[in-house]
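Asker: below: sequence and its predicted model.
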Amino acid sequence: MKIHEFQAKKLLAGYGVPIPRGQIARTDEEALNVARQLGEGPFVLKAQVHAGGRGKAGGIRVVDSIADVARTAWEMLGKTLITAQTGQEGKPVRTLLLEEAVNVAKEIYIGIVIDRRKACPVILASAEGGVEIERLARERPDRVITEVVDPSVGLRPFQASRIFYGLGLDESLARPVMATVIGLYRLLIEKDLSLAEINPFVVTEDGGVVALDAKVVADDNALFRHPDIAGLRDVSQEDPLEVEAGKHNLNYIKLKGNVGCMVNGAGLAMATMDLIKLAGAEPANFLDVGGGATAQMVKEAMRILIFDRDVKMIFINIFGGILRCDTLAQGVVEAARELVIDVPIVVRLEGTNVEEGRRILAGSGLAFAVAVDLADAAKKVGEIAKRVG
Amino acid sequence: MSILIDSGTKVIVQGITGKEGAFHTAQMVEYGTRVAAGVTPGKAGQSFDGIPVFNTVRDAAEATGANASAIFVPPRFAGDAIMEAIEAGIETVVCLTEGIPTLDMIAVKQYMKGKNVRLIGPNTPGVISPGSCKIGVMAGYIHLPGRVGVTSRSGTLTYEVVDQLTKKGIGQSTCVGIGGDPVIGLGFVDILRMFQHDDGTEAVVIIGEIGGSAEEEAAEYFREHMTKPVVAFIAGMTAPPGRRMGHAGAIISGGTGTAAQKMDALERAGIAVVKDPARVGETLSGILSR
């Protein structure tokens, strides 16, 4: 789960990481009040959206005097910010983080990720902050300091020290930089994060350090033991169809195409999207109804698919194991009747009780295109997509 | 012949009295798996369909001599359940649970170091050696005993591929779901090594997906050590970056873990990569008849 920058900074501050003075504002009036408390300016107004690339997209603006704060805040709030990471639909700006501007002398990167293969946290740092770390690691690996943490003993002080000396900073910054690295690690462990990143961590012209931007991603599977983190979710930053699907325990991701698909199992769902593409069409979504789906869940899944205005046809691909084909067929027929679906539906069923499932579809009197196998389904999807697309 | 499990495998089911555990225990017994005991704390002395239930894995293992475990315990307790099985000396631990926090799995991997255990999963459909033993949730009847090894990061996509093989009369030695989570027990490389050394396996199918680098490592292993033919399919060619595609481990991050990179690595190593998921069986059949 992603959270906002201001939420991440608040968490960091709780672990001893210095952050700029600032507050959030949801109206231009609030912004002005915050600015008054902060002082003379200059100020930075930062759009709080779940996406990077804000600076280039106009989502971060610097104003020199308090007189410009309210107008700038008014211009930014309520807008949809489109960045390189948001896609064309963008993200709504409902909250601004207003901070006092910092005079930056040097930008540093400090982040912690989970190394899947080594099964441990890895701290990455670089004296070249403000850039994308993955890219830097690919192009200039010599510029990235890596510390692998042994999870049984945690981050050791010598590792924090190695990171500090690797960054080549003035000795006077040893304490605050090492405290930041240790605080960031404790935050990751205590809050079950899959990513904790300060980019950039800056040295200011007056010789201090501060986390200028922060990104935190929480492990969804661990939210049950962190109600405080779970409470930071902002559904305004998520696709409304995805939020709706989530209410019914459906795993749904909106994509750009027009062939809606419903599949059981995540791997088969991805493979089905790939198959649609190979058939010359584009998938409108990823939708995994899960292994234990009921007729009711199938119906909810059909609702989500037809609520997507882009969907011009539906492809249902089920390999029945625990989810029996007759249960699925029943759900599909009921949904098609109740929801008044007017787009063509291709159904491919295989596995447990497949004959019964096919019989239910055929006997429904509804115009399903029933495929005999995956290859046949791909052919049918391709043909129909060409006609309706 | 097979890898990991066979007709001699004796299984404990952890969480046998839960909904999932109960359902799949019955299914496994019906398939012919020797389920020796169940474990549910507080329910020792009870019996489940004639299977004795114990409070702890150690009690169950000592009483029955079981050497494998199937874990159907809810996510928040599953990491602990894996460690309990390891401590009791269980050699093959299959964890079916989906949704275990990553840091719990990191602790499990730490705990496993230096111990003699083979962990499969979590978030796996399990392992099946057709005709002799099934530890998992897959539908048994789609499998056919034979000589092709299958290993995968997903569930239903594996059933799809197995079904294609079975319908062509190509049986399977063992099918192993390694799990869809970012931190798992045995990986593709471990399974490939076992298949390479198994006399009952003559070819292997790998079903990978976006995220991580397990497929790239498999490609490297194949190039260095394998003589048996391998066919691969990678799901997620159309998956957008930065989104988790159902499985916790299926995410393209920072431009790495894409299907294209994985296909490229596998192809360069000499593995036959199938782009069309409908043609995995057909491709393998072609290779076997050469």
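Answerer: Great, that's in hand.
Asker: give me the pLDDT for B:R268.
Answerer: At B:R268, the predicted lDDT confidence score is 97.
Asker: thought it was touching B:F222?
Answerer: No: using C-beta atoms under 8 Å, B:R268 is not in contact with B:F222; the gap is 10.4 Å. Quick note: C-beta positions are derived from backbone N, CA and C, even for glycine.
Asker: where do the strands of chain B begin and end?
Answerer: B:10-14, B:34-39, B:47-48, B:51-54, B:68-71, B:92-95, B:118-120, B:126-129, B:133-136, B:145-152, B:172-177, B:203-209, B:230-235, B:272-273 (DSSP state E).
Asker: picking that back up, tell me which of B:R268 and B:F222 has more neighbours.
Answerer: B:F222 (25 against 11; other C-beta atoms under 10 Å in any protein chain shown).
Asker: measure the most centrally placed residue in chain B to B:F233 for me?
Answerer: With distances taken as C-alpha atoms, centre = their mean, B:G177 lies nearest the centre of chain B, 2.5 Å away. To B:F233, B:G177 is 14 Å away according to C-beta to C-beta, to the nearest Å.
Asker: and whichever residue of the stretch 51-200 of chain B sits closest to chain A, how many neighbours?
Answerer: Here the residue of the stretch 51-200 of chain B nearest chain A is B:S154; by C-beta to the nearest C-beta that distance is 2.3 Å. B:S154 is flanked by 30 other residues according to other C-beta under 10 Å.
Asker: show me the contacts for the nearest residue to it once chain neighbours are set aside.
Answerer: For B:S154, ignoring the flanking residues on the chain, the nearest one in space by C-beta to C-beta, 6 or more residues apart in numbering or on different chains is A:G267 at 2.3 Å. By C-beta atoms under 8 Å, 6 or more residues apart in numbering or on different chains, the contact set of A:G267 is B:152-158, B:180, B:207, B:209, B:235, B:246-247.
Asker: turn these into a markdown table, including pLDDT.
Answerer: Shown next, in a markdown table, are the contacts of A:G267 (pLDDT from 0 to 100):
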| residue | pLDDT |
| --- | --- |
| B:S152 | 97 |
| B:R153 | 96 |
| B:S154 | 93 |
| B:G155 | 91 |
| B:T156 | 92 |
| B:L157 | 95 |
| B:T158 | 96 |
| B:G180 | 95 |
| B:I207 | 98 |
| B:E209 | 97 |
| B:A235 | 97 |
| B:G246 | 89 |
| B:H247 | 91 |
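Asker: tell me which residues touch B:I184, please.
Answerer: Counting by C-beta under 8 Å, 6+ apart, B:I184 has contacts B:105, B:119, B:121-124, B:178, B:249.
Asker: farthest-apart pair in the residues you listed, please.
Answerer: Maximum pairwise distance among the contacts of B:I184 (C-beta to C-beta): 15.3 Å, between B:L119 and B:G249.
Asker: pLDDT weak spots in chain B?
Answerer: For chain B, applying pLDDT under 70 flags no range at all.
Asker: how about 90 then?
Answerer: For chain B, the stretches flagged by pLDDT under 90 are B:1, B:242, B:246, B:248, B:252-256, B:289-290.
Asker: follow-up on the earlier one: so the residue nearest to the centre of chain B makes contact with B:L157?
Answerer: No: assessed by C-beta under 8 Å, B:G177 is found out of contact with B:L157, at 9.9 Å.
Asker: mutual contacts of the two, please.
Answerer: Joint contacts of B:G177 and B:L157 (C-beta under 8 Å, 6+ apart) do not exist.
Asker: beta partners for A:I314?
Answerer: With DSSP bridges as the criterion, A:I314 is bridged to A:G260, A:I345.
Asker: I'd like to know how many residues surround it.
Answerer: For A:I314, the count of nearby residues is 25 (other C-beta under 10 Å).
Asker: and the stretch 51-200 of chain B, which residues reach chain A?
Answerer: B:75-76, B:99-107, B:109-110, B:137-139, B:142, B:152-160, B:163-164, B:180, B:182-183, B:187 (C-beta under 8 Å from any C-beta of the partner chain).
Asker: isn't the residue of the stretch 51-200 of chain B closest to chain A up against B:I207?
Answerer: Yes: B:S154 is within contact range of B:I207, at 6.5 Å (criterion: C-beta under 8 Å).
Asker: and the residue of chain B positioned farthest from its centre, how far is that from A:E5?
Answerer: Distance from the centre of chain B peaks at B:G45, with 31.1 Å (C-alpha atoms, centre = their mean). If you measure B:G45 against A:E5 using C-beta to C-beta, the figure is 56 Å.
Asker: no further questions, thank you.
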